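# Need coordinates for the following:
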Amino acid sequence: MTKAIRIHRTGGPEVLEWEAVEVGDPGPGQVCLKQHAAGLNFIDVYHRTGLYPQPLPFTPGVEGAGVVEAVGEGVGDVAVGDRVAYAGPIGGYAETRLIDAERLVKLPDAIAFEQAAAMMLQGMTARMLLRSVHRVESGDTILVHAAAGGVGLILCQWAAALGATVIGTVSTREKADLAKAHGCTHPILYTEQDFVAEVERITGGDKLGVVYDSVGRDTFLRSLDCLRPRGMLVSYGQSSGAVEPFSPNILAAKGSLYLTRPTLFTYTADRADLQESAAELFAMVEAGKVAIEVKQRFPLADAAEAHRALEARETSGSTVLVV
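Residues are numbered from 1 along each chain as shown. Model prediction:
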């Protein structure tokens, strides 16, 4: 018998229960994965609270890394003993889990399990945002909200490596220093500064072609004010709460703006796209262009404490749950 975090009712961190589970043998196309670490992400909070409903009971977590223990019929891409990682599907807060082999990618030897668990969802999200959703080029200036967070730090580094200038919002001076050390040229302390006014100042009134917003309700409308005509707001999270309903006429009035709400799982649904995304992420990390900062580690059994810290904005960089 192995153990996992289970959710039997939605709610606060207290609904995360550590209990024994039966895993069973892998079916056709599946593998049994012995996990070494799982990643912590805000989407886990959305699942826990019921904002993104899941059938009850369930094991949360969409990111992890470990070793293949057994394979089911028809599995050819991975074998017993392979070091692998994944981003999706749900079920990552577990010592051992079953997962479809097609969602796994093999880990390069140079990338450790904890590093992989901290980078798959966040790193491929950054790659999606910068290379697919809106292609950032050398000379561009972009705004990244929550620049010292898990995705934020990767976004800042990757964009800087592409030759872009990064403006980033953060909540504390410590996080401003962290973001600046990872490619954010202009950290804005939003608790003391008006980020719209700062964007105007930094760009000389030109504003921006793209804003990456994972905060949601607290920043959404004012993010639109940072865009030049025909600019794009990429809303990819809602750590402050869901965006309130608004009229599309606002987009027209502010300059024929574009709005998109992408998810990594759509952009990597095809295995070829998944492999391409992971390969590009691994290459950036191995080349030293993107450093994955694991700033917090919690035992998997203490997932509730990790959720409390994440929601209180007490974390920076990436957080992993260690098995």
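# According to the record, where do the domains of this protein fall?
Using automatic domain parsing, the domains assigned to the chain come out as 2-119+271-322, 138-261.
# Output these in CSV; the columns should cover distance to Ser132 and mean pLDDT.
For the C-beta atoms, the positions are set from N, CA and C on the backbone; glycine is no exception. What follows is these, written out as CSV (distance: least, CB to CB, whole Å; pLDDT from 0 to 100):
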stretch, distance to Ser132, mean pLDDT
domain 2-119+271-322, 8, 96
domain 138-261, 11, 96
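# which stretch among the ones you listed comes nearest Met128?
The stretch from the domains of the chain with the least distance to Met128 (CB to CB) is domain 2-119+271-322; that distance is 6.9 Å.
# where's Lys295, which helix or strand?
Per DSSP states H and E, Lys295 falls inside strand 294-299.
# Against which helices or strands is that strand packed?
helix 113-127, helix 303-311, strand 318-322 (3 or more CB pairs under 8 Å, 6 or more residues apart in numbering; DSSP states H and E).
# hmm, who's touching the shortest one?
Think strand 318-322. Contact with strand 318-322 is made by 36-40, 61, 93, 114, 117-119, 122, 150, 153, 292-300, 302-303, 306, 309-310, as judged by CB atoms under 8 Å, 6 or more residues apart in numbering.
# Now list the buried members of those.
Neighbour-count burial (16 or more other CB atoms under 10 Å) applied to these gives 36-40, 61, 93, 114, 117-119, 122, 150, 153, 292-294, 296-298, 300, 302-303, 306, 309-310.
# Would you map the helices across the stretch 201-323 of the chain?
Counting by DSSP state H, counting those that start in this stretch, the stretch 201-323 of the chain has helices at residues 220-224, 249-253, 264-267, 271-286, 303-311.
# who wins for proximity to Thr172 among the ones you listed?
Of these, nearest to Thr172 by CB to CB is helix 303-311, at 14.4 Å.
# and that closest one, how far out from the chain's middle?
16 Å (CA atoms, centre = their mean, to the nearest Å).
# ok, and what's touching it?
Contacts of helix 303-311 (CB under 8 Å, 6+ apart): 5, 13-14, 16, 18, 40, 42, 44-45, 48, 60, 93, 296, 298, 315, 319, 321.
# Just the buried subset of those residues, written out for PyMOL, thanks.
In PyMOL, this line selects whichever of those come out buried by 16+ other CB under 10 Å:
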select buried, resi 5+13+16+40+42+44+45+48+60+93+296+298+315+319+321
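# Out of the contacts of helix 303-311, list just those in strands.
Members of the contacts of helix 303-311 lying in strands (criterion: DSSP state E): Ile5, Leu16, Trp18, Gln296, Phe298, Thr319, Leu321.
# quick one: which two of these are the most distant?
Trp18 and Gln296 (18.5 Å).
# quick one: contacts for the residue most central in space within the chain?
Centroid check for the chain by CA atoms, centre = their mean gives Gln122 as the closest residue, at 3.1 Å. When contacts are counted by CB under 8 Å, 6+ apart, Gln122 touches Gly39, Asn41, Glu63, Gly150, Val151, Ile154, Ser318.
# Appreciated, that's everything.
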